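Q: Requesting a structural model of the entry that follows:
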Amino acid sequence: MTPLTETVLFVFSLVALGYLAGLTGYLKPVSGEGISEFAVNVAMPLLLFQTMVKSDFHGVTPWSLWSAYFAAAAITWAAGHLVVTRLFGRDARAGIVGGVSSAYSNVVLLGAPFILGIFGASGFEVLSLLVSVHLPIMMMTSIVLFEMFGRGSGETVHPVRVVKSFLRRLFINPLIIGILAGLAWRLTGAPMPDLVERLVDTLAGTAGPVALFAMGLSLRRFGISGNIRPALALSVLKLFLMPALVLAFVWLLGLPPLTAKVAVVVAALPSGINSYLIAVQFNTGQALASNQMTLATASAVVTTSFWLTVVIHVFG
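A: Here you go, the predicted model:
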């Protein structure tokens, strides 16, 4: 077994253990919520804080990286919307759920430990550049679409309300707080006290395994229900179309090999819980988002290995 294969299996084995813990009743559903909250609200923000303070971002081209990644995300989102509305005859609100499900990678619970395991700290630095804008861009898009389609056809879009909602959700988000706090500390140039550094390193070190285990518990909680054909179609878009588009864009833009590899692998990750939460906000497509998240995550054991092989062959 190659180290790459072993790492992929290790990552998804932690997800599987979380799923089995929920399936067998060894851990109650409320435990899953608590573990997820710890991962997202404590461990992962501290990992991002640590990365912002210590990392060397020289050689990474964020504008080219962001352009390649989000151009692919926009095309995939549009494709997902059209598949749900035109091919399966659902309404525009369900189409938004389809769009976000096909374009919103699980960059936190699955992406962070996966990239750390495969590409190490240097790869996580590239991922951090994506995380810093991924959440705001996807959040802003979702809020605008919610204002347009989620509040009834008789209501108009209020730009001020959109901006206020976006800023409120952005600056209370623990991941954004971790990134901004890390950048602020970095700008001061002050060394971190030994006790603080030890605390941050210890809690940040738990982010990967805890996040993966929490991901497995989440999959058990949401499960699969209803018609799975649209979910299968969206999973194909997420796991194949989006990474293929990112691969084409990063190659055309000539991104550095490590940056290109991380971008493609992140694009190949399955959707996370955010697509389901948006479906809950719209009060439509909950089963669609849940089915797609579960199917895509299960399939990603194979598809991420495929894309890892492709990027290593292409970029070395």
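
Q: Name the surrounding residues that touch the one helix or strand Val196 maps to.
A: According to DSSP states H and E, Val196 maps onto helix 194-205. With contact meaning Cβ atoms under 8 Å, 6 or more residues apart in numbering, helix 194-205 is reached by Val42, Ala43, Leu46, Leu47, Phe49, Gln50, Met192. The C-beta positions use only the backbone N, C-alpha and C, and glycine is treated the same way.

Q: Just the local confidence number for the second one, please.
A: Think Ala43. Looking at Ala43, its pLDDT stands at 87.

Q: Tell me who's in contact with it.
A: Per Cβ under 8 Å, 6+ apart, neighbours of Ala43: Leu203, Ala204, Thr206, Ala207, Val210, Ala211.

Q: Tell me how far the residue nearest to it when sequence neighbours are not counted lies from Ile35.
A: Of all residues not flanking Ala43 in the chain, Ala207 sits nearest, at 3.8 Å (Cβ to Cβ, 6 or more residues apart in numbering). Look at Ala207 and Ile35: by Cβ to Cβ, to the nearest Å, they are 12 Å apart.

Q: of those two, who's got more company?
A: The residue with more neighbours, out of Ala207 and Ile35, is Ala207; 25 against 21, by other Cβ atoms under 10 Å.

Q: so the more buried one makes contact with Leu46?
A: Yes: under the criterion of Cβ atoms under 8 Å, Ala207 makes contact with Leu46 at 7.2 Å.

Q: Could I get the average pLDDT for stretch 276-289?
A: Mean predicted lDDT for stretch 276-289 stands at 75.

Q: So that it lines up with my notes, have the first residue be 30 from now on.
A: Got it, the first residue is 30 from now on, which makes the last one we talked about stretch 305-318.

Q: Output that stretch in PDB, but only the C-alpha positions, please.
A: Extracted C-alpha coordinates of stretch 305-318, given in PDB (Å, rounded to 0.1, in the frame of the first residue of the first chain):
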ATOM      1  CA  TYR A 305     -28.200  21.200   3.900                       C
ATOM      2  CA  LEU A 306     -28.400  24.300   6.100                       C
ATOM      3  CA  ILE A 307     -29.300  26.500   3.100                       C
ATOM      4  CA  ALA A 308     -32.000  24.000   2.200                       C
ATOM      5  CA  VAL A 309     -33.400  24.300   5.700                       C
ATOM      6  CA  GLN A 310     -33.400  28.100   5.400                       C
ATOM      7  CA  PHE A 311     -35.300  27.900   2.100                       C
ATOM      8  CA  ASN A 312     -37.600  25.200   3.500                       C
ATOM      9  CA  THR A 313     -37.100  23.200   0.300                       C
ATOM     10  CA  GLY A 314     -34.800  20.500  -1.000                       C
ATOM     11  CA  GLN A 315     -33.700  19.200   2.400                       C
ATOM     12  CA  ALA A 316     -33.800  15.600   1.300                       C
ATOM     13  CA  LEU A 317     -32.000  16.500  -1.900                       C
ATOM     14  CA  ALA A 318     -29.100  18.200   0.000                       C
END
